[in-house]
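Asker: Sequence first, predicted model second:
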Amino acid sequence: MNKNILLIHTGGTISMEEDHETGEVKPGETNPLMDHLKELPDINLITTELFHLPSPHITPENMLHLKTYIEEESNTRHIDGVVITHGTDTLEETAYFLDVTLSLTIPVVLTGAMRSSNELGSDGLYNLLSAIKVAVADHAKSMGVLVVMNDEVHTAKNVTKTHTSNIATFQSPQYGPIGIVNKAGVFFHHKPILTRALHVSKLNKNVFLIKAFAGMDSSLLKGIEQLNPDGLVIEALGQGNLPPMMLPGLKNLLDKNIPIVVVSRCFNGIAQDVYGYEGGGRQLKDMGLIFSNGLNGQKARIKLMIALETSTEREELEAIFST
Ligand SMILES: NC(=O)C[C@H](N)C(=O)O
């Protein structure tokens, strides 16, 4: 029996064209991907263009709309897998949002391209075909949301964009890809640890993300306090430490019950409360900052936005960030 694959285009370079005279790459009136892949053996593609946006234009509202659309479609007809094309700049945020909020067992796969559709060596159509191969694979079920690019399969939780232009840009710093796609098929070499989906029906919380630097003081924190934040994520130094001059600003935010999540600005590893000096992770944890389990800043921000729709209690937020 043919497999039904829901193919959702949202935009990105994979849907753009290069102007060969000016070198500019941008979305055109129509999406060139809509003309491709009209027929594939043994597959019914149910294609829709939900957005036609460069991914820096994608908002949390767009992510929520995409999630709702996938749920509605999979509730009203038989779908064997979902493929989403997306710009690469914020692809990991949308992928992670879906991973945290969807509770589907069918494969949900995001892909994109680093070279637009009419460029020499364009990787879009190839990545799209690889993503469809994963979406139809029975053994890709119950793997959480996946990202397929450049012959590799990554988990939404670990994958991140690491290079501005290279087609091998998507990497999973913590554990590497979980599988590969090649001419012979789709092969997994480890299984992700899945967590229960978090419920979300709106996404309105005002959550900021800042990066720590040597000599940082409380001035940015004071500025954030003026903006009525619901939460803050800080990409801290090393294992999760901050310059001591930030402590008064952190205390003010905590006194106002603004949750603060600590991740590391390091590319790899987990933030933890190891250091006992002033501004060290141990002191930050004792003050009430929440340590996240290996997420990067942009994903921790998405998770905090989702979590805050359910609870503002520190213990509950801590439990959510420990998984
Ligand atoms: N390669 C890409 O898709 C990058 C593009 N700026 C986007 O995210 O829409």
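Answerer: That came through fine. Numbers count the residues shown, from 1 in each chain.
Asker: which bits of this structure sit near the ligand?
Answerer: G12, T13, P54, S55, G87, T88, D89, G112, A113, M114 (CB under 6 Å from any ligand atom). Quick note: C-beta positions are derived from backbone N, CA and C, even for glycine.
Asker: pretty sure the third one contacts G87?
Answerer: Yes: under the criterion of CB atoms under 8 Å, P54 is in contact with G87, at a separation of 5.4 Å.
Asker: which of the two has more neighbours?
Answerer: Of the pair P54 and G87, G87 is the one with more neighbours under other CB atoms under 10 Å, namely 24 against 19.
Asker: I'd like to know the beta-bridge partner residues of the closest residue in space to V136 that isn't next to it in sequence.
Answerer: The shortest distance from V136 to any non-neighbouring residue, by CB to CB, 6 or more residues apart in numbering, is to K3 (4.8 Å). Following DSSP bridges, K3 is listed with bridge partners I43.
Asker: Do you know the pLDDT at K3?
Answerer: For K3, the model assigns a pLDDT of 96.
Asker: what's the answer for L37, then?
Answerer: 75.
Asker: wait, what's in contact with it?
Answerer: By CB atoms under 8 Å, 6 or more residues apart in numbering, the contact list for L37 reads L7, L45, T47, L125, L128, L129, I132.
Asker: again, 10 Å this time
Answerer: L37 sits next to I5, L7, I43, L45, T47, L125, L128, L129, I132 when contact means CB atoms under 10 Å, 6 or more residues apart in numbering.
Asker: again, but for I178
Answerer: 140, 143-144, 146, 152-155, 158-159, 172, 187-192.
Asker: switch to 7 Å and redo it
Answerer: Residues near I178 by CB atoms under 7 Å, 6 or more residues apart in numbering: V153, H154, T155, F188, H189, H190, P192.
Asker: Out of those residues, list just those in strands.
Answerer: Judged by DSSP state E, the contacts of I178 include V153, H154, T155, F188 as members of strands.
Asker: Specify which member of the residues of the chain next to the ligand is nearest to G240.
Answerer: Closest approach to G240 among the residues of the chain next to the ligand (CB to CB): D89, at 26.4 Å.
Asker: That closest one reaches L53, doesn't it?
Answerer: No: counting by CB atoms under 7 Å, D89 stays clear of L53, with 10.8 Å between them.
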